[in-house]
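Trainee: 3D model of this:
(one chain, ligands or ions: 4)
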Amino acid sequence: MSSSSYEKELAAAKKAASLAARLCQTVQKALLKSDIQSKADKSPVTVADYGSQAIVSLVLKMELPSEKFSLVAEEDSADLQKDESQETLKRITDLVNDTFSSEGTYSISVSEEDVLAAIDSGKSDGGPHGRHWVLDPIDGTKGFVRGDQYAIALALLDEGRVVLGVLACPNLPFTSIANLDGHSSENQIGCLFSAQTGCGAYMQLLHEPSAAKISVCTTENPADASFFESYEAAHSLHDLSSAIAKKLGVQAPPVRIDSQAKYGALARGDGAIYLRFPHKGYREKIWDHAAGSIVVTEAGGIATDAAGNNLDFSKGRYLDLDTGIIVTNKKLMPSLLSAVQEAIREQTQSASHM
Ligand SMILES: Nc1ncnc2c1ncn2[C@@H]1O[C@H](COP(=O)(O)OS(=O)(=O)O)[C@@H](OP(=O)(O)O)[C@H]1O
Ligand SMILES: [Mg+2]
Ligand SMILES: [Mg+2]
Ligand SMILES: [Mg+2]
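Mentor: Residues are numbered from 1 along each chain as shown. Ligands and ions are numbered 1, 2, ... in the order given. Okay, the predicted model is just below:
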């Protein structure tokens, strides 16, 4: 396979994610309480999650008209079809149309039915055969609602492998967030990360044209490494991460930021480790990791589960993995992996003695 075979798809993905980011930026600026709904599983969803998913789906179809279209995406329109959601659906449709007309590339106007259909074209199950787009229209919805980090995460699977990925992170400072605790006095905010298999990883200012190659931090010394983890304690066991960090000799406190912005920040070397250990029973979805993992691996890093297995995106909408996800550079991975396994063993032993 030629390494440049996804050029057209990557360009389409960057356009789609950037346009979706514009919609999200508009909504975050004027976030109204009524824009946030609870899904059946009690997780939040906003008009921007739906609008972003509709935009990405519409743009990919317009940009790649000759390709068979399959999309595995987080949201569906079931809640929007309810009577009480008429106002919300109208607001989403207006946001989608306003975004298209303000940006100017596409002179189209979509109906409420078009928006519902675009959202529901994300119902594919993915799998090991053919090509499937994988989309998280807003990853880190809780961060988005708080005014913090979030990402529009889009990837392409080909025969079960992630072959390209794009992460739009509208609130991520363009310069390193290391030692800044997530805050920056720098006025350039908003990053677009992109990667194609075999071609490296790149970053550019969101909505600007020129991209530069990025790479992970190559430190071998855990004392110099800092680590990322979920902002939300409900999403990852912070105690386990801190036990692992202590074993490794990591000195710096954890950097907690929302969403796959963690993968982007790691890919450009802001920190060296990302640890993620969901509570028992939680099943990871492919759209929470597909784009982030290729951005990191093309930047020279590795992402595995807690047993050291590569992440397998070919199993459908879920990742089927052992215990958690760990990400770092190639030199640190062996010692990280043993610290992780030792800490997990100790945790299991102490639980069985309780
Ligand atoms: N219980 C539990 N455990 C683990 N992960 C969960 C859990 N619940 C939700 N999620 C998923 O986490 C996604 C948000 O990613 P992060 O955990 O990186 O964000 S955060 O730092 O906690 O805000 C989030 O993605 P979005 O729904 O797209 O925001 C969820 O898919
Ligand atoms: Mg969600
Ligand atoms: Mg997500
Ligand atoms: Mg989401």
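
Trainee: closest point of the stretch 51-200 of the chain to ligand 3, which residue?
Mentor: Using CB to the ion, the closest approach of the stretch 51-200 of the chain to ligand 3 is made by Asp139 at 3.6 Å. Any C-beta I mention is one placed from the backbone N, CA and C, and that applies to glycine too.

Trainee: give the other helices and strands that the helix or strand where Ile244 lies contacts.
Mentor: In this assignment (DSSP states H and E), Ile244 forms part of helix 238-248. With contacts defined as 3 or more CB pairs under 8 Å, 6 or more residues apart in numbering; DSSP states H and E, helix 238-248 has these neighbours: strand 227-229, strand 273-276, helix 333-352.

Trainee: tell me the buried residues in the lowest-mean-pLDDT helix or strand in the chain?
Mentor: In the chain, no helix or strand scores lower on mean pLDDT, DSSP states H and E than strand 36-38, which sits at a mean of 80. Residues of strand 36-38 classed as buried by neighbour count (16 or more other CB atoms under 10 Å): 36-37.

Trainee: which helices and strands does the very next helix or strand once past it pack with?
Mentor: Reading on from strand 36-38 to the C-terminus, the next helix or strand found by DSSP H and E is strand 44-46. Applying 3+ CB pairs under 8 Å, 6+ apart, one finds that strand 44-46 makes contact with strand 36-38, helix 141-146.

Trainee: let's see it at 10 Å
Mentor: If you count contacts as 3 or more CB pairs under 10 Å, 6 or more residues apart in numbering; DSSP states H and E, strand 44-46 packs onto helix 7-29, strand 36-38, strand 131-139, helix 141-146.

Trainee: tell me which of those sits most buried.
Mentor: For those, the stretch with the most neighbours on average is strand 131-139, a mean of 28; neighbours defined as mean count of other CB atoms under 10 Å.

Trainee: is it in proximity to ligand 1?
Mentor: Yes: counting by CB under 6 Å from any ligand atom, contacts between strand 131-139 and ligand 1 involve 136, 138-139.

Trainee: give the contact list for Cys24.
Mentor: The neighbours of Cys24, taking CB atoms under 10 Å, 6 or more residues apart in numbering as the test, are 46-49, 51-52, 55, 95, 99, 137-138, 144, 150-152, 168, 170-171.

Trainee: ok, Lys330 next?
Mentor: For Lys330, the contacting residues are 216, 218, 220, 300-302, taking CB under 10 Å, 6+ apart as the criterion.

Trainee: PyMOL command for the buried members of those?
Mentor: For anyone working in PyMOL, the buried entries among the contacts of Lys330, judged by 16+ other CB under 10 Å, can be selected with:
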select buried, resi 216+300+301+302
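
Trainee: any idea which strand is longest in the protein?
Mentor: Secondary structure of the chain read by DSSP state E shows that its longest strand is strand 161-173.
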